[in-house]
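J.: Generate coordinates for the sequence data below:
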Amino acid sequence: MKPRLSFLGGAGTVTGSCCLVEHAGGRLLVDCGSFQGTKSLKALNYQDFPFDPAEIGAVLLSHAGIDHSGLLPKLVQNGYGGCIHATEPMRDLLSFVLPNAARIQELEVGQLNRRRCRRGLDPVRPIYGEAAADDALERISPVPVDAWFEPMAGIEARYWTEGRNPGSASIELRIGSGGGAVHLLFSGDVGAEADAGPRGLQGLDYLVVESTRGDRLREPVTAAERRERLAAEVLEALGRGGNLVIPAFASERSRELLFDLGLLNREGRFGDSPIFLDSPQARRASEVFGRQAGEPDENAAARFMFDGPNIRFVATADESRRLDTIAAGSIILAAGGMCDSGPIRHHLMANLWRAESTILMVGHQAPGTLGRLLVGGARAVRILGQEVRVRARIRDIDLYSPHADQAALLAWITGCQPVANGILLTHGEPAATAALAARLAAEPGLLRPPILRPSLGSVLTLDRAVPAILDRGTARIPDPQLAEADWHNAQSGFLLELAEILRRAPGDQARMRLLSRLRADLNAQ
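T.: Residues are numbered from 1 along each chain as shown. Coordinates of the predicted model:
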């Protein structure tokens, strides 16, 4: 059989990265990540895999982030018995990323089930628990960098980490043997500092590359200028007389933010304002990156960035809840970068309705997430089943994204040339992949194989004799459900809008007339 590549996640969306490689010798996965975004998209996390986990021969991991790794415990739980190949830094990060994901699921599913029971609905089960996360960790097999190895019969693999954060790598594959082997490269998350593809790489047939920021250019700022911009945001927020709440990502997404905050705090820029870190995962990730950074001055700063009498580490759920009684003067970093899970939701409930508070977004917000709604200007949102008015000041600074922008992606892809059969743009929203595809098509002097934008469920036959053509016959989810909002978002927005209309009505009789008309219209459907 000719090898095939199926895009089961991270296609048409930024999350859920997962590619299935099928060849004569069996099946291999590149990544197995969790979906974030609309409820329709997140529902895929609970559904059966579109393959039998027991039939997978090997897993290669390109990134320790939950959007690349978050369903590994489910994979093992459902029958996968092979190795999970990853670099040493990835293994260090996964040692707390996966158990933390399990704990959050168990906690939040418990809260959800209490609400479902009150509504007379059947309970749901977590995708997996801590035992499954521990089982997945036992299967991690550290691999060398820049050295070929054989994860399964008929496939050779090599990891590239040049210019990368320690938790990320590109993965090169050779499928088959001799002159007939198919040669692929999966970019993983390219990284904001990337300037070229892997050095020495030659003769690619296919390039699968992320496009998260394929439609935008990074503002050119130095590390010192970035730090000053952050200081200005923090001081302005504190000067308003409220709290500053920052949704924090794990892994390298928080590394530079924590690093800058730590340095500014050590310089005394925030006075005695307490800084609460309600994300043990972010702290441990920063420690991993501090050990791996390689620059002595940065390592020293990383070791001491959290020293100081005003630094508070939040260790328990009770301590986290007590933060919500603080009305002003605090800086709160809490896990849950897109605001859809983790302790950040409780801190948003406590602060969003306060006009003097500030919410500072520092990373990508996927369509349908609470973070995206807030950045988009929502005046009211629903959190944990409750309506919350948005009176806080919402700020979004685009200085801490770990992803390469369009210019860096173009340089990286150019550095991977020549690519003979196809460039496939993944891990991006439709607007981002379209913009990057157009930019690649217009680049002078660039070898132009087909530039394709897979959707969820697309399949590519890896045939070196013909140009790449995607088979889109089996969609995992309809494209409209990958858009800015699905019907769940629409329902929530409608209920919030209805409540506001009823509040503005001139009296109870007017409200009753409105409800009667609405009920009649609905019954007529």
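J.: got a pLDDT number for Val390?
T.: According to the prediction, Val390 has pLDDT 96.
J.: Please read the previous query as pertaining to Asp486.
T.: We have a pLDDT of 77 for Asp486.
J.: show me the contacts for it.
T.: Thr38, Lys39, Ser40, Leu41, Gly368, Pro480 (Cβ atoms under 8 Å, 6 or more residues apart in numbering). C-beta coordinates here come from the backbone N, C-alpha and C atoms, glycine included.
J.: So for the first one, what's the nearest residue that isn't a sequence neighbour?
T.: By that I understand Thr38. Distance criterion Cβ to Cβ, 6 or more residues apart in numbering; nearest residue to Thr38, sequence neighbours excluded, is Gly368 at 3.1 Å.
J.: Pull the number of nearby residues for that neighbour.
T.: 26 (other Cβ atoms under 10 Å).
J.: Please report phi then psi for Ala499.
T.: Phi and psi for Ala499, reported as degrees, to the nearest 10, are phi -60, psi -40.
J.: Please tell me how far the residue nearest to it when sequence neighbours are not counted sits from Ala237.
T.: The spatially closest residue to Ala499, leaving aside those adjacent along the chain, is Glu387, at 6.6 Å (Cβ to Cβ, 6+ apart). With the distance defined as Cβ to Cβ, to the nearest Å, Glu387 ends up 24 Å from Ala237.
J.: again with Asn243
T.: 8 Å.
J.: Next: Asp521.
T.: Going from Asp521 to Ala237 by Cβ to Cβ gives 44 Å.
J.: more crowded one of these two?
T.: In this view Asp521 and Ala237 are compared by other Cβ under 10 Å, and Ala237 has more residues nearby, 24 against 9.
J.: wait, that one sits on Ile394?
T.: No. In terms of Cβ atoms under 8 Å, Ala237 does not count as a neighbour of Ile394; the distance is 11.2 Å.
J.: got any residues that touch both of these two?
T.: Listed as contacting both Ala237 and Ile394 by Cβ under 8 Å, 6+ apart are Thr358.
J.: Might you list the low-confidence residue ranges for this protein?
T.: For the chain, the stretches flagged by pLDDT under 70 are 162-164, 194-195, 197, 250-254, 280-308, 447, 479-484.
J.: after the longest helix seen in the chain comes which helix or strand?
T.: The helix that spans the most residues within the chain, counting by DSSP state H, is helix 88-118. Scanning forward in sequence from helix 88-118, with DSSP states H and E defining helices and strands, the next element found is helix 130-138.
J.: Can you name every helix or strand that that following helix contacts?
T.: For helix 130-138, the helices and strands in contact under the criterion 3 or more Cβ pairs under 8 Å, 6 or more residues apart in numbering; DSSP states H and E are helix 72-77, helix 88-118.
J.: on that earlier part again, am I right that the residue nearest to Ala499 is in a helix?
T.: No. According to DSSP: H, G, I helix; E, B strand; the rest coil, Glu387 belongs to no helix; its state is strand.
J.: picking that back up, give me whichever of the helices and strands packed on helix 130-138 is most buried.
T.: A comparison of the helices and strands packed on helix 130-138 by mean neighbour count, using mean count of other Cβ atoms under 10 Å, puts helix 72-77 on top with a mean of 25.
J.: wait, which of the helices and strands packed on helix 130-138 is closest to Ile140?
T.: Using Cβ to Cβ as the measure, helix 88-118 is the one of the helices and strands packed on helix 130-138 that comes nearest Ile140, at 4.9 Å.
J.: Now do the closest one: distance to the chain's middle.
T.: 15 Å (Cα atoms, centre = their mean, to the nearest Å).
J.: any idea of the angle that helix forms with helix 130-138?
T.: 160 degrees (axes from the mean of the first three to the mean of the last three Cα atoms, to 10 degrees).
J.: name the helices or strands packed onto helix 88-118?
T.: helix 66-69, helix 72-77, helix 130-138, strand 140-142, helix 280-292.
J.: just the helices in the stretch 101-250 of the chain please.
T.: 130-138, 223-239 (DSSP state H, counting those that start in this stretch).
J.: can you put these in CSV and add distance to Leu425?
T.: CSV is the format used below for those (distance: least, Cβ to Cβ, whole Å):
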stretch, distance to Leu425
helix 130-138, 29
helix 223-239, 28
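J.: Could you look over those and pick the most buried one?
T.: Here the criterion is mean neighbour count by mean count of other Cβ under 10 Å, and of the helices of the stretch 101-250 of the chain the winner is helix 130-138, at a mean of 18.
J.: what does that helix contact?
T.: 72-77, 84, 91, 94-95, 98-99, 101-103, 106.
J.: repeat for stretch 223-241
T.: 221, 243-244, 256-257, 260-261, 263-264, 269-270, 273, 328-329, 331, 356-358, 360, 393, 395, 397, 399-400.
J.: From these, list just the buried residues.
T.: 243-244, 256-257, 260-261, 263-264, 269-270, 273, 331, 356-358, 360, 393, 395, 397, 399-400 (16 or more other Cβ atoms under 10 Å).
J.: Mind checking which of the residues you listed land in strands?
T.: Secondary structure assignment by DSSP state E places Leu244, Ile331, Thr358, Leu360, Arg393, Arg395 of those in strands.
J.: ok, back up a step: hmm, Lys39 and the residue nearest to Thr38 touching each other?
T.: Yes. If you go by Cβ under 8 Å, Gly368 and Lys39 touch, sitting 7.2 Å apart.
J.: and for the two, which residues touch both?
T.: Counting by Cβ under 8 Å, 6+ apart, the residues touching both Gly368 and Lys39 are Asp486, His488, Asn489.
J.: Which ones among the residues you listed lie within strands?
T.: Assigned to strands by DSSP E, none of the shared contacts of Gly368 and Lys39 qualify.
J.: just those now: which is nearest Ala380?
T.: The shortest approach to Ala380 among the shared contacts of Gly368 and Lys39 belongs to Asn489, at 12.9 Å (Cβ to Cβ).
J.: Quick one: classify the residue nearest to the closest one when sequence neighbours are not counted as helix, strand or coil.
T.: Nearest residue to Asn489, sequence neighbours excluded (Cβ to Cβ, 6+ apart): Gly368, at 5.5 Å. Classification of Gly368 by three-state DSSP places it in coil.
J.: Please report how far Arg504 lies from Ala524.
T.: Relative to Ala524, and taking Cβ to Cβ, Arg504 is found at 25 Å.
J.: Comparing these two, which residue is more hemmed in?
T.: Under the criterion of other Cβ under 10 Å, the comparison of Arg504 against Ala524 puts Arg504 first, with 9 against 6.
J.: so who does the more buried one touch?
T.: With Cβ under 8 Å, 6+ apart as the criterion, no residue contacts Arg504.
J.: can you count the residues close to Gly180?
T.: For Gly180, which is what you asked about, the neighbour count (other Cβ under 10 Å) is 8.
J.: Roughly how far does it sit from Ala475?
T.: When Cβ to Cβ is applied, the distance between Gly180 and Ala475 equals 31 Å.
J.: Please apply the same query to Ala131.
T.: According to Cβ to Cβ, Ala131 stands 33 Å off from Ala475.
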